[in-house]
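>>> Mind folding the following:
(4 chains)
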There are 2 protein chains.
Amino acid sequence: MSAEKVTRMSADDRRELILAAATRAFAQGGYHGTSTDAVAKEAGVSQPYVVRMFGTKLDLFLEVFEHAVHRIKAAFEEVLDAGPFDPESEDDKARMGLAYTELLRDQDFLQVMMHGFSSGGVPEIGAAARRCMGEVFATIQRTGWSDEQARDFVAYGMLLNVMLSLRAPENLKPGDPLTVLAVCAFGEDLEVLQSLA
Amino acid sequence: MSAEKVTRMSADDRRELILAAATRAFAQGGYHGTSTDAVAKEAGVSQPYVVRMFGTKLDLFLEVFEHAVHRIKAAFEEVLDAGPFDPESEDDKARMGLAYTELLRDQDFLQVMMHGFSSGGVPEIGAAARRCMGEVFATIQRTGWSDEQARDFVAYGMLLNVMLSLRAPENLKPGDPLTVLAVCAFGEDLEVLQSLA
DNA sequence: TTGACATGTTATCAGTCGATTACTTACTGT
DNA sequence: ACAGTAAGTAATCGACTGATAACATGTCAA
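Next comes the predicted model:
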């Protein structure tokens, strides 16, 4: 019999804890592929507690999704708010790229975003995803880039997201065409990603 | 009592029919979000029949996924096999782009591919997805483009896939930043997509 | 015609999932 | 000290899911 002191947490703190756990869980399996019980296990609480705290699984996912996108948007805003941004400068463009690749270390946010995007079949998720994608694009437009430049920047981000979803960095085989793509897409960040796995 | 003549189909034909139905069904909900019963309903057969014909739901999805990717690869190969391809030619580049945008009419294939990519959490799907992505990239490399050009081409495709998953074309609101992105990503194909919906 | 095989279906099952209810226990102000 | 509230859990439910088994019927060669 372990006589551990069972101490409690404020609901707000517990909420943050579950939100973080849910982010990890949903990052793995997406909306449909993750049970509320899996989230509960990850958070170390009971399944009914998760449901009651967030209402429904859908509400929980939406909150996780929006939080993830907000985090990503914030990374760009940080660059844009740091000082004047020259749309012609290759250097400034690199700073925006860096903001994104730094997010690769928090893979979970990017994966959750990706899962939200591909769960557009659920009406509420689709609506949230469209709104969030719009917000991210609007943020990127603040660079002053042309629509085409902004579009290509987003496209490049989507490629990285897909490569992460594929678990490409941890599964590269020499000589594989996918390896060429991964090297060329992730660049020097590839080694960092592999060391994380 | 309707006295319809119940006629039968060869297993091969029925298989094709179910495969097509499964493509439509999985395109909507992805692997986790689509039940074998939904596939059966779409195909107009009983649920056990679907399962027995393909073994498991996973086997069925893998077959649908590989078929979709093969179809997409075939679209590129058609351009490449049509005659000499000049990697410097803007015209030839446009032909490759056109091959992809023509696939937008068969949205289901692209959506299934996307769902496969984002279900990398299921080991067998992840493995298939990496192999297929590698094959597609290898096909694109046949253009003679630099790795970076090929990468950017794939990235652009991923953006279009994501925009489709978001149901963006059918949900555009004037003044929305997402509309700008959609117009700039789909170009003149946008109207075609909207008329399909 | 008939029997054997191929093409299906109905019935059913065990497991999983999201959600609800009722209960327990730690904390907090007075 | 103690009553009330907040933080959690155990038990359970109905719906759904993938899969299996048993059964029915159309098709075709001899």
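>>> Quick check: phi and psi on A:Gly83?
phi 170, psi -170 (degrees, to the nearest 10).
>>> A:His115 too?
Backbone torsions for A:His115, taken as degrees, to the nearest 10, come to phi -60, psi -40.
>>> And for the one 5 residues further on?
Its backbone dihedrals place A:Gly120 at phi -60, psi -10, with angles given as degrees, to the nearest 10.
>>> next SSE after the strand or helix carrying A:Gly126?
Using DSSP states H and E, A:Gly126 sits within helix A:123-141. Downstream of helix A:123-141, the first helix or strand assigned by DSSP H and E is helix A:147-165.
>>> what's in contact with that next one?
Helix A:147-165 is contacted by residues A:87, A:96-97, A:100-101, A:104, A:107, A:110-111, A:113-114, A:136-137, A:140-141, A:143, A:145, A:169, A:181-182, A:185-186, B:117-118, B:120, B:129, B:133, B:151-152, B:154-156, B:158-159, B:161-162, B:180-181, B:184-185 when judged by C-beta atoms under 8 Å, 6 or more residues apart in numbering or on different chains. In this view, the C-beta of every residue, glycine as well, is placed from N, C-alpha and C.
>>> quick revisit: alpha carbons of the helix holding A:Gly126, as PDB, please.
What follows is helix A:123-141 as a C-alpha-only set of coordinates in PDB (Å, rounded to 0.1, in the frame of the first residue of the first chain):
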ATOM      1  CA  PRO A 123     -18.300  20.500 -41.200                       C
ATOM      2  CA  GLU A 124     -17.200  22.200 -38.000                       C
ATOM      3  CA  ILE A 125     -13.600  21.300 -38.500                       C
ATOM      4  CA  GLY A 126     -13.700  22.300 -42.100                       C
ATOM      5  CA  ALA A 127     -15.100  25.700 -41.200                       C
ATOM      6  CA  ALA A 128     -12.400  26.200 -38.500                       C
ATOM      7  CA  ALA A 129      -9.700  25.000 -40.900                       C
ATOM      8  CA  ARG A 130     -10.800  27.500 -43.600                       C
ATOM      9  CA  ARG A 131     -10.900  30.300 -41.200                       C
ATOM     10  CA  CYS A 132      -7.500  29.400 -39.700                       C
ATOM     11  CA  MET A 133      -5.800  29.000 -43.100                       C
ATOM     12  CA  GLY A 134      -7.200  32.400 -44.100                       C
ATOM     13  CA  GLU A 135      -5.700  33.900 -40.900                       C
ATOM     14  CA  VAL A 136      -2.300  32.400 -41.500                       C
ATOM     15  CA  PHE A 137      -2.300  33.500 -45.100                       C
ATOM     16  CA  ALA A 138      -3.300  37.000 -44.000                       C
ATOM     17  CA  THR A 139      -0.400  37.000 -41.600                       C
ATOM     18  CA  ILE A 140       2.000  36.000 -44.300                       C
ATOM     19  CA  GLN A 141       0.600  38.800 -46.600                       C
END
